[in-house]
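> Here is a sequence with its predicted model. Questions after.
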Amino acid sequence: MPIFGANQSLMEKLFERLLELEAGWVVTQVDTDMGLGEVHIHVECRLKKCVDADSGETCKVYDHAPMRKWRHLDIMQYKTYICCRLPRLRLPTGGVRTVDPGWASSHERHTYLFEQMVIDLLQMSGNQTRTAAFMRCGFNVVNRIIHLSTRRGMERRKLQEHVLENLSIDEKSFKKGHKYITVLSDPRSGCVLDVEEDRTKEACRNLLDKTLTPAQQKEVRTVSMDMWKAFMNTVKEAMPQAEIVHDRFHLVKYLNDALDKVRRREVKAHELLRNSKYALLKNPENLTEKQRIKFEQIKAANHEVAKAWQVRENFKDLFASSTHEAFPLYMKWASDAVNKGMNEVSKVVEMFHAHMNGVLNALVCNFSNAMAERLNGKIQQLKSVARGYRTFANFRSAILFFHGGLDLYPLK
């Protein structure tokens with residue numbers, strides 16, 4: 001039923017001001033449904049001619065489309081909708097086109113301001129379900145806004161105008177059953193450039209080709225990655241001038257894995273090593289008091305696991321070596337590690353030797369996958385909050401929405 005009684009015309013003018021309607025667009029009626037808790041603002045276009053957005057020509061209004069409504073920002077406790085029959089133009093070519101209103105796209109069912117609010121809430125909460133609950137709309141509405149704003153942001157981003165000398169390529173698990181995605185990021189900005197399904201050589205090449213122009217690929221100087229052959233082979237073929245840098249995170253992770261294997265082998269014979277995993281794997285400054293005591297006891301006992309820990313720490317000390325120092329220091333470390341006589345550690349050294357150039361580059365290069373690994377953690381958090389993603393399209397849009405550094409808003 002109509003609201004505001006005798007002052008209705010005054011309130012209609014108020015809503016025209018609040019909606020910032022263009023000349024020729026007027027509010028004709030404001031209705032409320034107390035049972036549903038909804039307010040419907042009826043808008044009418046009284047123009048005889050409108051400008052076609054595509055051609056820029058002024059065309060005659062042919063007729064008006066059937067009544068449609070758009071979800072708007074709520075008025076107090078009431079869901080609010082804008083209702084309008086949009087004008088349709090007769091084009092010089094003989095076709096007919098529907099005019100986009102100033103408050104929304106004619107193709108959507110929500111206003112620009114509603115979309116902007118959803119984007120803000122998503123950025124703050126990181127949770128689509130909670131955002132939908134707060135906005136009192138369906139989950140599919142929020143999910144569609146993520147896709148819309150991500151596509152808009154990717155179209156606005158003028159990546160081809162930038163020189164990207166350093167890149168990071170990383171993998172991330174997508175689904176159970178060895179399903180992965182490949183993530184290309186910029187270590188300088190810490191933003192995801194794009195994502196591709198799978199971690200094959202073909203997927204990696206597709207990702208590079210759709211993100212970077214051939215000229216940009218020639219400008220790349222370093223690419224940080226782990227030792228996945230598909231990534232290495234793709235970079236060697238697509239960007240032979242670029243140096244492959246095996247990121248520090250994964251190098252240390254290999255040594256952590258070896259350290260833990262030694263611990264698990266020795267724990268059968270040494271009761272002290274029980275429940276000591278995190279006391280050995282965490283950085284000393286991050287240990288709790290209980291873990292610190294456990295660590296000091298293990299170190300004093302001089303078990304093999306303590307020697308494996310020292311090998312890892314010695315390798316971490318090699319980072320930030322100069323170009324001339326890197327090779328001799330690395331070889332000295334490798335020789336000492338092998339002489340410890342631990343098969344688990346020797347296998348890691350053997351693997352490092354097989355990828356020596358990338359390992360040495362990691363020791364001297366200022367760029368690594370540290371930012372990519374932080375992104376990896378944030379992407380994992382996205383998965384945890386959403387309890388997984390069923391489709392790659394949803395996962396890609398979410399990653400780029402939250403971590404693509406995109407201009408997401410519908411209105412500039």
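Looks like it came in fine. All figures in this text were calculated on a predicted structure; none of them were measured in a lab.

> The helix or strand containing residue 314 packs against which elements?
Assigned by DSSP states H and E, residue 314 belongs to helix 304-316. Using 3 or more Cβ pairs under 8 Å, 6 or more residues apart in numbering; DSSP states H and E, the elements in contact with helix 304-316 are helix 248-266, helix 289-301, helix 323-339, helix 343-354. Backbone N, C-alpha and C define where each C-beta goes, glycine included.

> ok and that helix relative to helix 323-339, angle-wise?
Per axes from the mean of the first three to the mean of the last three Cα atoms, to 10 degrees, the angle that helix 304-316 makes with helix 323-339 is 170 degrees.

> shaky segments in the chain?
Scanning the chain for pLDDT under 70 picks out 1-8, 177, 366-373, 412.

> Which parts of it are strands?
25-33, 38-45, 49-51, 58-64, 68-75, 78-84, 87-90, 96-98, 166-175, 179-186, 191-197, 222-225, 243-246 (DSSP state E).

> need the contact list for the nearest residue to residue 234 once chain neighbours are set aside.
Nearest residue to residue 234, sequence neighbours excluded (Cβ to Cβ, 6 or more residues apart in numbering): residue 204, at 4.2 Å. The contact partners of residue 204, taken as Cβ atoms under 8 Å, 6 or more residues apart in numbering, are 169, 182, 196, 230, 231, 234, 235.

> Find the pair from these with maximum spatial separation.
Greatest spacing in the contacts of residue 204, by Cβ to Cβ: 196 and 235 (14.3 Å).

> any idea how the chain splits into domains?
According to automatic domain parsing, the chain comprises the domains 1-109, 111-244+385-412, 248-364.

> could those domains go into CSV alongside distance to residue 378?
Listed next are those as CSV, based on distance: least, Cβ to Cβ, whole Å:
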stretch, distance to residue 378
domain 1-109, 29
domain 111-244+385-412, 6
domain 248-364, 14
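
> Out of the helices and strands packed on helix 304-316, the one nearest residue 174 is which?
Closest approach to residue 174 among these (Cβ to Cβ): helix 248-266, 18.9 Å.

> Could you report the distance from residue 94 to residue 223?
Distance check for residue 94 against residue 223: by Cβ to Cβ, to the nearest Å, it reads 53 Å.

> What distance do you get for residue 66 to residue 238?
For residue 66, the distance to residue 238 - Cβ to Cβ - is 51 Å.

> what about those two, which has more around it?
For the pair residue 66 and residue 238, the greater number of neighbours falls to residue 238 (18 against 6), based on other Cβ atoms under 10 Å.

> so that one sits right up against residue 208, yeah?
Yes. Assessed by Cβ atoms under 8 Å, residue 238 is found in contact with residue 208 at 5.5 Å.

> which residues do these two both contact?
Counting by Cβ under 8 Å, 6+ apart, the common neighbours of residue 238 and residue 208 are residue 217.

> got the contact list for residue 70?
Counting by Cβ under 8 Å, 6+ apart, the residues that residue 70 touches are 81, 82, 103, 104, 108, 109, 110, 111, 114.

> Please look at residue 319 and residue 247 and confirm they touch.
No. With contact defined as Cβ under 8 Å, residue 319 does not count as touching residue 247 (11.2 Å).

> more crowded one of the two?
Per other Cβ under 10 Å, whichever of residue 319 and residue 247 has more neighbours is residue 247, with 27 against 15.

> My guess is that one contacts residue 223. True?
No. Between residue 247 and residue 223 there is no contact under Cβ under 8 Å: 10.0 Å.

> Please enumerate the shared neighbours of these two.
With Cβ under 8 Å, 6+ apart as the test, residue 247 and residue 223 both reach residue 168.

> Touching both of residue 319 and residue 247, which residues are there?
With contacts defined as Cβ under 8 Å, 6+ apart, the residues shared by residue 319 and residue 247 are residue 362.

> what's the distance between stretch 142-157 and the middle of its chain?
Its chain's C-alpha centre and that of stretch 142-157 lie 12 Å apart, by Cα atoms, centre = their mean, to the nearest Å.

> quick one: buried residues of it?
Neighbour-count burial for stretch 142-157 flags 142-150, 152-154, 157 (criterion: 16 or more other Cβ atoms under 10 Å).

> Tell me what angle the helix holding residue 314 forms with helix 248-266.
Angle between the axes of helix 304-316 and helix 248-266 is 170 degrees (criterion: the same axes, to 10 degrees).

> Contacts for helix 304-316 next, please.
Here helix 304-316 has contacts from 251-252, 255-256, 258-259, 262-263, 266, 273, 276, 280, 298-299, 333, 336-337, 340, 342, 344-345, using Cβ under 8 Å, 6+ apart.

> If we only consider the contacts of residue 204, which is nearest to residue 41?
residue 196 (43.9 Å).

> ok, the closest one to residue 208 distance?
9 Å.

> Show me whatever sits in contact with both of the two.
The contact lists of residue 196 and residue 208 share residue 184, where a contact means Cβ under 8 Å, 6+ apart.

> Who has more neighbours out of those two?
Taking neighbours as other Cβ under 10 Å, residue 196 and residue 208 compare with residue 208 leading, 25 against 22.

> ok, that one touching residue 182?
No. Look at residue 208 against residue 182 with Cβ under 8 Å: they stay out of range, at 9.6 Å.

> No further queries at this time; thank you.
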